[in-house]
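Peer 1: What follows is a predicted structure for the sequence shown.
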Amino acid sequence: MSYDFDLFVIGAGSGGIATARRAAEYGAKVGIAEVDRLGGTCVNRGCVPKKLMVYASHFSDLFRDAVGYGWSPVKSEFDWPKLIRVVNDEVTRLNGIYQRMLDKSNVEVFEGHAKFVDSHTVTIGDRTLTADKILIAVGGKPVKPDIPGIEYAITSNEIFHLEEQPKQAVVLGGGYIGVEFACILKGLGSEVTVIIRRDKILRGFDEDVRTEIQEGMQRHGIRILTETTIDSIDKLDSGKLQLNLSGAEDTVIADAISLAAMGRKPNLEGLGLEHTQVKTQNGAIVADEYNQTDDPDIFAVGDCIDRLNLTPVAINEGRILADTKFGGKSRQMSYENVPTAVFTTPEAATVGLTEAEAREKYGDAVKVFRSKFRPMYHTLGGREEKTLMKLIVDGDTDRVVGAHMVGENAAEIIQGVAIVVKMGARKADFDATVGIHPSSAEEFVTMR
Ligand code: NDP
């Protein structure tokens, strides 16, 4: 049977584009469909614009620190519309780069919403296309809780297009997105309240890391209402929003927006999965260790399988899939020791097991090495910032099974540590490494 394509990819986000390009490198005839701008969540509504806004938010602290280093006080006004404009211009530039990369790879791009007709056929508008293999890489989208007035809350999709900076921002949820945006908005000058239903933000992270980030955010003036749920949102005559709560406080007032950052779900609506054998569970596509769905010629990568919702994970899943199916190199994705960072102020990054996970796995053999100190940079700058570093070791084998850091440049530092943790380094290997002095990173090789 002959098809229009060897591989057709639905969704031109990080995972879809990586798979399409790698498969095309092997000589496969590849098409890709995208209903929105090229690049998916990461480029258009996630990692990239978020990180640019994180950089923007750091200047308020840097201006203050400068005075401690002998500079005269910096008087500077922040221009929100300008930031939004330049960030979106950069996103547009990246969209163009993706288009050129796909063109260069001979991947044919189709604009529009793709829908399955059967296991080898999709429609996009009035076009019908067939493919030997089809990849679903449709990503996810934010979910909003079902409470009265939730229509007044925006999500992370909209925040990159807000015309005005909120003066009083309320963030609902204490996951990655909630805490990162809380810190961005605070750094840019908004008054910020975060509402969480537990006692601490960032469930799933190491307890010390959670505590350190939460206390750091509070030191920066972010109000965190813990063990508080949100019952409803009212729009007041003044145009402001009143959030009605159960817990630490009864109400809190926000400007015209509050940000709902309460998780994401796979973007499967209207995909026509009912015309295939693809199965879903809890709203996500079921795929095996080779990213194959229950339909033998349909595969899925990235947030739509809801395994580990991180851009580099989706990219790796996609490239491994292309290597396996089109490159003759059968490989499987390893989800062990995937490093991750939270771009809060203070920043945090981690790889491997939390202390609690390690204790569950290795019991009393676990050894914990912890160091908390004031980084040299802040001795003159005057800010009460602390850095936390923590190594978790399986005492029986001396292997480092977890490394965690809260503090400046945590992401940059942990990326290097992640290589050796992935390789199975022992604590003795860390100890045998000479530190770079003076740096914060050297603490990882001097912990006793
Ligand atoms: P998360 O799942 O990380 O966090 C959701 C937050 O909302 C949690 O604090 C959760 O509380 C809370 N929540 C969920 N439902 C309710 C409810 N009904 N009532 C009250 N609180 C609720 O989702 P995000 O939207 O923050 O991020 C989605 C994913 O995007 C992340 O998992 C991550 O993989 C990815 N991401 C990664 C980033 C990075 O690598 N730096 C940055 C941004 C996103 P509780 O903990 O109590 O369940």
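Peer 2: Cool, the structure landed.
Peer 1: going forward, measure contacts between C-alpha atoms and count neighbours the same way
Peer 2: Will do.
Peer 1: Up against the ligand, what does the stretch 301-448 of the chain have?
Peer 2: Asn309, Leu310, Thr340, Ala341, Val342, Phe343 (Cα under 6 Å from any ligand atom).
Peer 1: Which of those fall within strands?
Peer 2: Mapping those onto strands (DSSP state E) picks out Thr340, Ala341, Val342.
Peer 1: Now tabulate those in a markdown table and tack on pLDDT and neighbour count.
Peer 2: Formatted as a markdown table, those follow (pLDDT from 0 to 100; neighbours: other Cα atoms under 10 Å):
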| residue | pLDDT | neighbour count |
| --- | --- | --- |
| Thr340 | 98 | 19 |
| Ala341 | 98 | 20 |
| Val342 | 98 | 20 |
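Peer 1: Tell me the one of those nearest Asp231?
Peer 2: Val342 (28.0 Å; Cα to Cα).
Peer 1: show me what contacts the nearest residue to Ile136 once chain neighbours are set aside?
Peer 2: Leaving aside its sequence neighbours, Ile136 sits nearest to Ala300 (Cα to Cα, 6 or more residues apart in numbering; 4.6 Å). For Ala300, the contact set (Cα atoms under 8 Å, 6 or more residues apart in numbering) comprises Leu135, Ile136, Ala137, Ile285, Ala287, Asn291, Gln292, Thr293.
Peer 1: Most neighbours of all those residues, which one?
Peer 2: Within the contacts of Ala300, neighbour counts (other Cα atoms under 10 Å) peak at Ala137, which reaches 32 neighbours.
Peer 1: What pLDDT does the model give it?
Peer 2: pLDDT, Ala137: 98.
Peer 1: Could you pick out the longest helix of this protein?
Peer 2: Taking DSSP state H as the criterion, the chain has its longest helix at helix 80-104.
Peer 1: Tell me the buried residues in that helix?
Peer 2: Ile84, Val87, Asn88, Glu90, Val91, Thr92, Leu94, Asn95, Tyr98, Gln99, Leu102 (16 or more other Cα atoms under 10 Å).
Peer 1: Check which helices and strands that helix is in contact with.
Peer 2: Packing partners of helix 80-104 (3 or more Cα pairs under 8 Å, 6 or more residues apart in numbering; DSSP states H and E): helix 40-45, helix 47-68.
Peer 1: Tell me which residues of the helix or strand that that helix is followed by come out buried.
Peer 2: As assigned by DSSP states H and E, the chain's next helix or strand after helix 80-104 is strand 107-111. By neighbour count on 16+ other Cα under 10 Å, the buried set for strand 107-111 is Val107, Glu108, Val109, Phe110.
Peer 1: before we move on, the earlier item: next one: phi and psi at the residue nearest to Ile136?
Peer 2: Main-chain torsions, Ala300, degrees, to the nearest 10: phi -150, psi 140.
Peer 1: Kindly state the pLDDT recorded for Ser258?
Peer 2: Reported pLDDT for Ser258: 88.
Peer 1: Then Val351?
Peer 2: Reading off the model, Val351 has pLDDT 98.
Peer 1: what's the answer for Gln99, then?
Peer 2: pLDDT at Gln99 comes out at 97.
Peer 1: cool, and His275?
Peer 2: 98.
Peer 1: how deep is it tucked in, by neighbour count?
Peer 2: 13.
Peer 1: again with Asp199
Peer 2: Neighbours around Asp199, by other Cα under 10 Å: 12.
Peer 1: Check Asp255 too.
Peer 2: The number of residues near Asp255, taken as other Cα under 10 Å, comes to 18.
Peer 1: Name the nearest residue to it, sequence neighbours excluded.
Peer 2: Nearest residue to Asp255, sequence neighbours excluded (Cα to Cα, 6+ apart): Lys240, at 4.7 Å.
Peer 1: same deal with Thr19?
Peer 2: Leaving aside its sequence neighbours, Thr19 sits nearest to Gly318 (Cα to Cα, 6+ apart; 4.4 Å).
Peer 1: Am I right that Lys141 is in contact with Leu268?
Peer 2: No - contact between Lys141 and Leu268 fails when scored by Cα atoms under 8 Å: they sit 9.7 Å apart.
Peer 1: what touches both of these two?
Peer 2: Common neighbours of Lys141 and Leu268 are not found (criterion: Cα under 8 Å, 6+ apart).
Peer 1: what about the residue in the stretch 301-448 of the chain positioned nearest to the ligand, distance to Pro266?
Peer 2: In the stretch 301-448 of the chain, the residue that lies nearest the ligand is Asn309 (3.9 Å; Cα to the nearest ligand atom). Going from Asn309 to Pro266 by Cα to Cα, to the nearest Å gives 10 Å.
Peer 1: which of those two has more neighbours?
Peer 2: Pro266 (21 against 16).
Peer 1: quick one on the thing from earlier: can you tell me which residues contact the residue of the stretch 301-448 of the chain closest to the ligand?
Peer 2: By Cα under 8 Å, 6+ apart, the neighbours of Asn309 are Gly302, Asp303.
Peer 1: Backbone dihedrals for the closest residue to Asn409 other than its chain neighbours, please?
Peer 2: Counting by Cα to Cα, 6+ apart, Glu347 is the residue found nearest to Asn409 once chain neighbours are left out, at 7.0 Å. Backbone torsions of Glu347, given as degrees, to the nearest 10, read phi -70, psi 150.
Peer 1: Tell me, how many residues neighbour the closest residue to Pro145 other than its chain neighbours?
Peer 2: Sequence neighbours aside, Met262 is the residue nearest to Pro145 in space, at 7.4 Å (criterion: Cα to Cα, 6+ apart). Neighbour count for Met262, taken as other Cα under 10 Å: 19.
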